[in-house]
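*Asks:* predicted model and sequence follow; I will ask about them next.
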Amino acid sequence: MSGVNAGTATGKTTETFITALITNSSFLAVELIAFTFLKNRLSRIYTPRTYLPPPDKRAAELPRGRWRWILAVATAPATDIIRKNGLDAYMFLRFLRLMIIIFGSFMVTTWVILLPINTVGIHSSAADGLNQLSWGNIPDREWKRYAAHIVLVYILTFWVIYLIRKECFHYTEMRQGYLTSKSHSHLPQARTVLLTSIPHDMCNEKDLRIWSSFVPGGVQNIWVYRDTKELNEAYSKRLNACNLLEAAEAKVLRYAIQEKLRRDQQPNRKSNSSSYTSQSGPESSTKFQREKETLDDLVPSVKRPRHRPGFLGLFGTKVDTIKYCKKREAKPLGSAFIQCNLQMGAHMAYKWIQVSPKDVIWDNIDDGVYETRFRYATSWMASFGIIVAWFFPVSFVGLLSNVSELCIKVKWLAWVCKAPTPVPGILQGVLPPLILAILFAVLPWILRGLAWYENLPLYSLLSISVYKRYYIFLVIHGFLVVTLSSGLTATAITQGLTGAGSALLQVFTLLVYYAKKWFFGRTPRQAYAVTFTMPSADFGVVLPQLSLLATIGLAYSVLSPIINGLAMLAFVLFYFVWKFLLTWVFDQPDEHETGGLYFPLAMKFLFVGLYIEQFCLAALFFLKSSSGQSFLVQGILMVLLLAITIGAQTFLSEAFDPLSNYLPMSLATKKIQAKIERHWRKEAGLEKGDNEAFDLFDREHIRSIVRKRLNAAKAAEAEISAEISFLKPVLTDTFDAIKEAASTHLDAGQSHSQQDLHPTISRESRRSGSSRRSRSRSASGSPHSHKSNRPTMAPAAPAPAVKYDDPDSSGDEDDFDDNGFQHPSSYAEQPWIWIPRDELGLSKYLVEELKVAGVDASDEGSIMDCEGDVEVTRSPPDEAWEGGHNA
């Protein structure tokens, strides 16, 4: 035991760092090599955006060389991500770029200035290894050296605030351009507002129109959300029944095909089974009598799918699934959707703006104001309660990462410090981050449930709430509890190297894809989801981890300058990896797009790192104040800097928050003015000088426009009436002549027409159907090609230029139908039952059987092979197909 001392324990710090560096660098190298060999062989995992989306959203093919893809990713324009995956993805990449600039400048400055000040001319036995490069290496007698730290903290803080302000300007410009762009402003969701917690006596269309009379441009549509609970439950049951029926039909076909294959392998049964593929002859009593007999022979009643209709399928008497599913085929609740005529009106009447029907959480918009507030408060109370409960497992991880110091005080742990070289480094540098990763992997699911309970009405807001909660968790448990006590550099290296490599290789996505393909792709709808659906990034889970890394780097940028280089390396890797993923892999759903609302939150969280840094430096100076008055002055300077930083964040928030969330009146008015001027010239036929001013609110101008348009309409009506009166006698004579000629030749051509007309139509129909099928096969191809296992599709279209500054863009707004913001249960039709087509022709009989029962069904675009595997070449037949999957 006597061999264990402070020097031995301190020396383990360098060993821990080197072990973590070597281990994670090795993992990164393995992941990079594996990706290089797999990217061309598994294009469905690594480059799905090159062929799965519609042509206008596809990415260019990666070069075929093993390493040429690196240059292609590095030179790909980041703005192209806006067209592919929206503004959220672009601003996420912009955040990573900002982190590279910050920590790159930090690394150059601190390594050139602080590292020599911390090390040159100091011979201290209290510090060893990497500790010699940090703040702690300076003894109290060298207090003058701290002046460099103070000056540098001021300079770097002002530099970070300047960069944040610059990026906020860029984000505001992009955000406003996104809101006013033709691709977004013409959407009805850009003009739709969701109001919740409306008083009962006001929750009707008449009172809501009176209430919203102040909105510029007025209100176009109002949808009041009503109590349709029983209908909603019936709608959910119908969807479940459709899925159950599809699975049962596919199971029947699979069993029939496998049974036929088994019988074909028996010589004495081969002659009987050969009749299964023949067509039904004239002797059949019904159209599909032969197929029915074949199906009944191959699949006896005891082998048909059966289930229990009770709770969770565990209770009740078993019933035939197919027969069961074929037979099973209000008042206001204080919420309303208001669609304004003008986008400007929606941003003035806001509560929840930019609402898309698919983004609505229908279960969360029917609660009153008091219940909503109660759920909000209890949701956050539960979040902080989980933070407290999480201390116990995280504290154990903190002790494990600091075991080199514990072995001095705890005798039974002395063997750790005496263990061979790799063991202490693995225990302190590898295991703690791994255990933390496992603990925090389950955390987002818990936080998402709490955010749902918070009663947020939109899925996009749900993800933003998870971002806030998850970041608080990570700062407290991943930084303050663990990182401040030990393992800082090891944690940064693990996230920067292994984390980036894992994101690039997508091991989990690869495993999940094949697991779904083998175990869950049993029906055509499931096979379509596996084959065509691309992964998407949940920024509410990804951003907190990167924000934590930024917080750690900022907090330790002066105390331990070595962290700046590690943080910059981590963000360079993350930027490269995520640029590749957002360009070639991920497909973000349009309805969950927030227009970059994650970015202002990420900027605010950067200030947390600055606050921790300044508070720690002030506390360290005050703790040393007993050694001299100079330390007290230095501490006061840090408190002053802390106050300046708080003031800067407050100023930036007040300046940019309104512009980030809502459309400025000046910008909206300018766009409306340009649109009215364009409409004025085009339809009213008015000429207007270049120097003539146009007042949007000038009543005389508006009245003159109305009068001239009415006069133009009356003139056009008179002209049309004159033309009709002129052509009427001519048309009458022509019609009489045609009628007489037709009656003369009708008898002569009737027999010929009866003989030839229907065969001609039949041949044309077959030719048309054959050409359609051939075109479908040429467009979709076989499910997999021989090299890259990808569906064969049309080549990608060239990417259009990214433009948001199009205030003069033309085109009328697309409007919702009458059911635009009603619950799908009130208008959605029953999904078609999608059955895979088989070589025995049994799918035709099953489709016809369902249609006779009143259930729409089809076997188009799906095939079941002789082994029972299902492949698809398009989306479900009751949905539009754009030549690729469009999220």
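*Replies:* The structure has been received and is ready for your questions. Numbering: from 1, shown residues only.

*Asks:* contacts for stretch 147-160, please.
*Replies:* 102, 105-106, 109-110, 113-114, 117, 135, 554, 557-558, 606, 610, 613-614, 617, 634, 637-638, 641, 644-645 (C-beta atoms under 8 Å, 6 or more residues apart in numbering). For the C-beta atoms, the positions are set from N, CA and C on the backbone; glycine is no exception.

*Asks:* filter the residues you listed to the buried ones?
*Replies:* Neighbour counting with 16 or more other C-beta atoms under 10 Å marks 102, 105-106, 109-110, 113-114, 117, 135, 554, 557-558, 606, 610, 613-614, 617, 634, 637-638, 641, 645 as buried within these.

*Asks:* helix, strand or coil for the nearest residue to residue 454 once chain neighbours are set aside?
*Replies:* Nearest-residue entry for residue 454: residue 379, 4.0 Å, with adjacent residues in sequence omitted and distances by C-beta to C-beta, 6 or more residues apart in numbering. Assigned by DSSP: H, G, I helix; E, B strand; the rest coil, the conformation of residue 379 is helix.

*Asks:* and the contacts of stretch 147-160, which of them are in helices?
*Replies:* Counting by DSSP state H, the contacts of stretch 147-160 place 102, 105-106, 109-110, 113-114, 117, 554, 606, 610, 613-614, 617, 634, 637-638, 641, 644-645 in helices.

*Asks:* the residue nearest to residue 454: neighbour count?
*Replies:* 20 (other C-beta atoms under 10 Å).

*Asks:* ok, now how distant is it from residue 465?
*Replies:* Distance, residue 379 to residue 465, using C-beta to C-beta, to the nearest Å: 9 Å.

*Asks:* kindly report the same for residue 637.
*Replies:* 38 Å.

*Asks:* report pLDDT for residue 453.
*Replies:* Note on residue 453: pLDDT of 92.

*Asks:* excluding its backbone neighbours, what's nearest it?
*Replies:* The shortest distance from residue 453 to any non-neighbouring residue, by C-beta to C-beta, 6+ apart, is to residue 379 (5.0 Å).

*Asks:* any weak-confidence spans in the stretch 1-150 of the chain?
*Replies:* The model of the stretch 1-150 of the chain has pLDDT under 70 over residues 1-16, 123-131.

*Asks:* so where do the strands sit in it?
*Replies:* In the stretch 1-150 of the chain, no strands are defined using DSSP state E, counting those that start in this stretch.

*Asks:* where do the helices of it begin and end?
*Replies:* 6-38, 43-46, 68-75, 80-119, 146-180 (DSSP state H, counting those that start in this stretch).

*Asks:* dump these to TSV, plus distance to residue 518.
*Replies:* Listed next are the helices of the stretch 1-150 of the chain as TSV, based on distance: least, C-beta to C-beta, whole Å:
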stretch	distance to residue 518
helix 6-38	18
helix 43-46	14
helix 68-75	29
helix 80-119	29
helix 146-180	41
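
*Asks:* state the distance from the residue nearest in space to the middle of the chain to residue 461.
*Replies:* The residue lying closest to the centre of the chain (C-alpha atoms, centre = their mean) is residue 588, at 3.9 Å. Distance of residue 588 to residue 461, given as C-beta to C-beta: 16 Å.

*Asks:* where does residue 723 land on pLDDT?
*Replies:* Taking residue 723 on its own, its pLDDT is 55.

*Asks:* SS state for residue 337?
*Replies:* Assigned state for residue 337: strand (three-state reduction, three-state DSSP).

*Asks:* which ones are touching it?
*Replies:* 192-195, 221-223, 225, 355, 820-821.

*Asks:* cool, and residue 338?
*Replies:* Applying C-beta under 8 Å, 6+ apart to residue 338 gives the contacts 192-193, 195, 208, 212, 219, 221-222, 346, 349.

*Asks:* okay, and which of these map to strands?
*Replies:* 192-193, 195, 219, 221-222 (DSSP state E).

*Asks:* phi, psi of residue 455?
*Replies:* Main-chain dihedrals, residue 455, degrees, to the nearest 10: phi 80, psi 30.

*Asks:* wait, it touches residue 363, no?
*Replies:* No. In this structure, residue 455 is not within contact of residue 363 by C-beta atoms under 8 Å, at 9.2 Å.

*Asks:* in terms of neighbours, single out the busier of these two.
*Replies:* residue 455 (21 against 11).

*Asks:* now do the same contact list for the more buried one.
*Replies:* Residue 455 touches 364, 367, 371-372, 375-376, 379, counting by C-beta under 8 Å, 6+ apart.

*Asks:* which two from the ones in strands among the contacts of residue 338 end up farthest apart in space?
*Replies:* The span of these, defined through C-beta to C-beta, is set by 195 and 221 at 13.4 Å.

*Asks:* and these two? which has more neighbours close in?
*Replies:* Neighbour tally, residue 195 and residue 221, criterion other C-beta under 10 Å: the higher count belongs to residue 195, 24 against 19.

*Asks:* what distance do you get for the more buried one to residue 342?
*Replies:* From residue 195 to residue 342 the distance is 17 Å (C-beta to C-beta).

*Asks:* what about residue 362, how many residues nearby?
*Replies:* 16.

*Asks:* residue numbering should commence at 557 henceforth.
*Replies:* Taking 557 as the first residue, the last one we looked at is residue 918.

*Asks:* for it, give its distance to residue 1381.
*Replies:* 9 Å.

*Asks:* where do the contact lists of the two overlap?
*Replies:* residue 788.

*Asks:* got the contact list for residue 1018?
*Replies:* So residue 1018 contacts 917, 1004, 1007-1008, 1012, 1096 (C-beta under 8 Å, 6+ apart).

*Asks:* helix, strand or coil for it?
*Replies:* Counting by three-state DSSP, the backbone at residue 1018 sits in helix.

*Asks:* how about the helices in the stretch 957-1106 of the chain?
*Replies:* With helices called from DSSP H, counting those that start in this stretch, the stretch 957-1106 of the chain shows them at 959-965, 970-974, 978-985, 987-1009, 1015-1029, 1044-1049, 1055-1061, 1063-1075, 1080-1088, 1095-1111.

*Asks:* so can I have CSV of those showing distance to residue 1405?
*Replies:* CSV is the format used below for the helices of the stretch 957-1106 of the chain (distance: least, C-beta to C-beta, whole Å):
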stretch, distance to residue 1405
helix 959-965, 68
helix 970-974, 71
helix 978-985, 63
helix 987-1009, 41
helix 1015-1029, 38
helix 1044-1049, 61
helix 1055-1061, 47
helix 1063-1075, 28
helix 1080-1088, 17
helix 1095-1111, 45
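
*Asks:* ranking those by mean pLDDT, which is last?
*Replies:* Out of the helices of the stretch 957-1106 of the chain, helix 1044-1049 stands lowest, with a mean of 52 (criterion: mean pLDDT).

*Asks:* before we move on, which element is the closest residue to residue 630 other than its chain neighbours in?
*Replies:* Computed as C-beta to C-beta, 6+ apart, the closest residue to residue 630 that is not its neighbour in sequence is residue 1132, at 7.2 Å. Per DSSP states H and E, residue 1132 falls inside helix 1118-1140.

*Asks:* can you name every helix or strand that that helix contacts?
*Replies:* Judged by 3 or more C-beta pairs under 8 Å, 6 or more residues apart in numbering; DSSP states H and E, the packing partners of helix 1118-1140 are helix 624-631, helix 636-675, helix 1044-1049, helix 1055-1061, helix 1095-1111.
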